[in-house]
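Novice: below is the sequence, then the predicted model.
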Amino acid sequence: MPLMVSYIFIKENSLRDSKKEVSSGALKKLIDYDFPGNIRELENVIERAFILSEGEIITEKDIKFDNEIRDSKKSTNITPEQLRMILEYCRWNKIKAANEIGKSRRQLYHLLEKYQMIDCIRRNYFL
């Protein structure tokens, strides 16, 4: 598993032109998790961490599994840049993007209005 995590980090860094690293705590969290899905689930978890992390090191708190996101009831502070990256990751699917950040579609629309990004959705909807 550490080798696969390393490979995915190299791939994500290359795609995003970044130099993020994984902390030992984050690596342990990834190794200890019993992935019910396949390798795509691991890739999705790491990609989500890349998008939502703010520093150069992805820590244990940046690693969020699907069950943690569903169970989380607290509000998430998300920047306009993170929101745009999540929308791109979800291929501009608003329902998927809302699920990704743990909000309803209505709450996602409120964020889009708050950050004046409604036109972004309209332009990219037809791409």
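Specialist: That came in fine, so what should we check first? Numbers count the residues shown, from 1 in each chain.
Novice: contacts only, for Arg105.
Specialist: Lys94, Ile95, Ala98 (CB atoms under 8 Å, 6 or more residues apart in numbering). (C-beta placed from N, C-alpha, C; glycine too.)
Novice: which residue, other than its chain neighbours, is closest to it?
Specialist: Of all residues not flanking Arg105 in the chain, Ala98 sits nearest, at 4.7 Å (CB to CB, 6 or more residues apart in numbering).
Novice: count the residues that sit near Val22.
Specialist: Counted with other CB atoms under 10 Å, the neighbours of Val22 add up to 23.
Novice: burial measure for the residue nearest to Arg105, as a count.
Specialist: Neighbours of Ala98 (other CB under 10 Å): 19.
Novice: tell me which helix or strand it sits in.
Specialist: Ala98 belongs to helix 94-100 when assigned by DSSP states H and E.
Novice: as a whole number, average confidence for the helix or strand just after that helix?
Specialist: With elements assigned by DSSP H and E, the helix or strand that comes after helix 94-100 is helix 105-114. For helix 105-114, the mean per-residue pLDDT is 90.
Novice: which positions within helix 105-114 qualify as buried?
Specialist: Buried positions in helix 105-114, judged by neighbour count with 16 or more other CB atoms under 10 Å: Leu108, Tyr109, Leu111, Leu112.
Novice: spit out the contact partners of the most centrally placed residue in the chain.
Specialist: Centrality entry for the chain: nearest residue to the mean C-alpha point is Arg48, 2.2 Å, by CA atoms, centre = their mean. Contact analysis of Arg48 by CB under 8 Å, 6+ apart lists Lys64, Tyr89, Glu100.
Novice: where neighbours are concerned, which of those has the most?
Specialist: Glu100 (22 neighbours).
Novice: hmm, Glu88 and it touching each other?
Specialist: No - taking contacts as CB atoms under 8 Å, Glu100 lies outside contact range of Glu88: 11.2 Å.
Novice: off-centre distance for the host helix or strand of the residue nearest to the centre of the chain?
Specialist: Counting by DSSP H and E, the element that carries Arg48 is helix 39-52. Remark: helix 39-52 is offset 6 Å from the chain centroid, using CA atoms, centre = their mean, to the nearest Å.
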